[in-house]
Structures are given as structure tokens and as C-alpha cells.
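K.L.:
take this sequence and fold it.
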Amino acid sequence: MLARAFKEDPVFVSAVPDLSQRIERTKYIFQTAVCLGLRYGEVRAIPPNLEGVAVWIPYEHFKETSWGNILCAFKSRIWKMGLKYSRAFQPLLEFNNKKHYQFALGKHWYLQTLGVNPQYQGKGYGSMLVQTMLEFIDKDPLPVYLEIFTERNVKFYSKFGFEVLEQATIPGTDVLEYFLLREIK
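P.N.:
Numbering: from 1, shown residues only. The predicted structure is shown next:
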């Protein structure tokens with residue numbers, strides 16, 4: 001479902017230009033992300049048809065997941081993505097890690113992935129996933145950090161108090177990325 005939700009996302013289009021290959025190859029990235037969320041943070045989903053999924057990781061686990069990353073990559077069979085496509089995502093991963101440590105210094109939550117099944121987009125499911133988790137976070141307030149790749153998503157997240165810290169082009173690509181933070185409420 002997440003691979004379909006992100007099928008037109010600029011970073012995935014850049015890394016895997018062919019649509020049929022994009023969905024097939026990127027599903028391993030999302031399987032790894034969900035595994036990490038289940039292992040270290042929160043995975044929220046909307047039943048009954050898996051309309052949407054959000055993966056949230058608290059800062060203390062974001063920094064200390066090396067063995068968890070290996071385990072989740074193994075469980076998701078990430079090697080099936082292929083070396084060519086794994087290399088295509090490497091500049092993004094390095095750039096995102098650098099920016100993450102630049103912009104989100106203390107304890108915080110990281111919204112690692114939020115996707116809504118294309119047939120359910122525009123019906124409020126993404127808002128529901130964000131709002132319910134922010135209500136949970138606000139009980140023990142921490143900032144929330146995320147990265148996105150479209151102006152449309154900037155507008156979506158601004159409704160929840162996220163502000164753009166910077167926009168920059170991912171090195172080696174023509175993909176514009178936005179880095180957002182929601183301060184403590």
C-alpha cells in the first residue's frame with residue numbers, strides 16, 4: 001500500500017523512473033520502515049482496508065537503530081530491491097540524516113512515513129493519522145520532525161503547526177526536499 005501511495009512522489013520517481021519497477025522495488029523500503037516503527041516507535045493504520053499508515057519513531061531510537069536497521073532490512077528482504085536502486089537512494093539517505101541532525105537536536109518524534117492508499121486520498125485519512133498521533137504526543141510534549149518532497153504536502157502539514165525550516169535540492173538529483181518541524185504545543 002505504501003509503495004502505491006508514494007508512486008508519484010518526486011524522490012521515488014527520480015530513483016526508480018519506471019512505474020512498474022518503482023512499486024515493486026520501493027515496497028522493500030516501506031517494509032523496513034514499518035518494521036522499525038513496530039520495533040521502536042508507533043505504527044498507526046486505518047482499518048478495515050488499510051486506507052493509510054503512519055510510522056513514528058522517537059528520537060532516542062532513531063539514533064540507535066543500527067542493529068534494528070539490519071534486522072528489519074533482513075526481515076523485509078531489502079536486498080531484493082537491487083543494488084542499482086539501493087544506490088539511487090543513497091544520496092537521499094545521507095542528505096536526510098545530515099539535515100535531521102541539523103534541525104532536530106533534542107528529544108523529538110520523527111514522522112518517518114505517512115501514506116494513504118491512492119483510492120482513499122483526499123478523504124481525511126492522512127489528517128486522522130496525523131491528528132491522533134499529535135494528540136498522543138502532546139500529552140508528553142515533544143517537537144515533531146519530518147521531511148517531504150511536494151509543496152502540496154507542505155500545505156497539508158502546516159495545518160498541524162509544522163513549519164518549513166529549509167528547502168533544498170537533494171545532491172545529485174533535481175528533487176526539492178522540505179524539512180519541517182512542529183514545535184512543542
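
K.L.:
okay, which residue is most central for this structure?
P.N.:
In the chain, the centroid-proximal residue (C-alpha atoms, centre = their mean) is Thr113; its distance is 2.6 Å.

K.L.:
Ala3 is in contact with that residue, correct?
P.N.:
No. Between Thr113 and Ala3 there is no contact under C-beta atoms under 8 Å: 11.0 Å. To be clear about C-beta, it is placed using only N, CA and C from the backbone, and glycine gets the same treatment.

K.L.:
common neighbours of those two, please.
P.N.:
Phe30 (C-beta atoms under 8 Å, 6 or more residues apart in numbering).

K.L.:
for the chain, which segments count as strands?
P.N.:
Counting by DSSP state E, the chain has these strands, from start to end: 42-46, 52-58, 109-116, 144-148, 163-169, 176-182.

K.L.:
for this protein, which spans come out with low pLDDT?
P.N.:
Under the criterion pLDDT under 70, the flagged ranges of the chain are 61-71, 74-76, 78-79, 81-83.

K.L.:
which residue is most remote from the mean position of it?
P.N.:
Distance from the C-alpha centroid of the chain peaks at Lys139, with 22.8 Å (C-alpha atoms, centre = their mean).

K.L.:
and stretch 113-129, which residues are buried?
P.N.:
For stretch 113-129, the neighbour count (16 or more other C-beta atoms under 10 Å) marks Thr113, Leu114, Gly115, Val116, Asn117, Tyr120, Tyr125, Gly126, Met128, Leu129 as buried.

K.L.:
surely Tyr145 and Leu181 touch.
P.N.:
Yes. Contact criterion C-beta under 8 Å: Tyr145 and Leu181 qualify, at 5.3 Å.

K.L.:
follow-up on the earlier one: which ones are touching the nearest residue to the residue nearest to the centre of the chain once chain neighbours are set aside?
P.N.:
Closest residue to Thr113 apart from its sequence neighbours, by C-beta to C-beta, 6 or more residues apart in numbering: Val55 at 4.2 Å. Going by C-beta under 8 Å, 6+ apart, Val55 touches Ala33, Val34, Leu36, Gly37, Gly41, Glu42, Val43, Leu111, Gln112, Thr113, Leu114.

K.L.:
just list the residues touching Arg22, thanks.
P.N.:
Residues near Arg22 by C-beta under 8 Å, 6+ apart: Ala3, Lys7, Phe12, Val13, Val16.

K.L.:
if you set the cut-off to 6 Å instead, what comes out?
P.N.:
With contacts defined as C-beta atoms under 6 Å, 6 or more residues apart in numbering, Arg22 is in contact with Lys7, Phe12, Val16.
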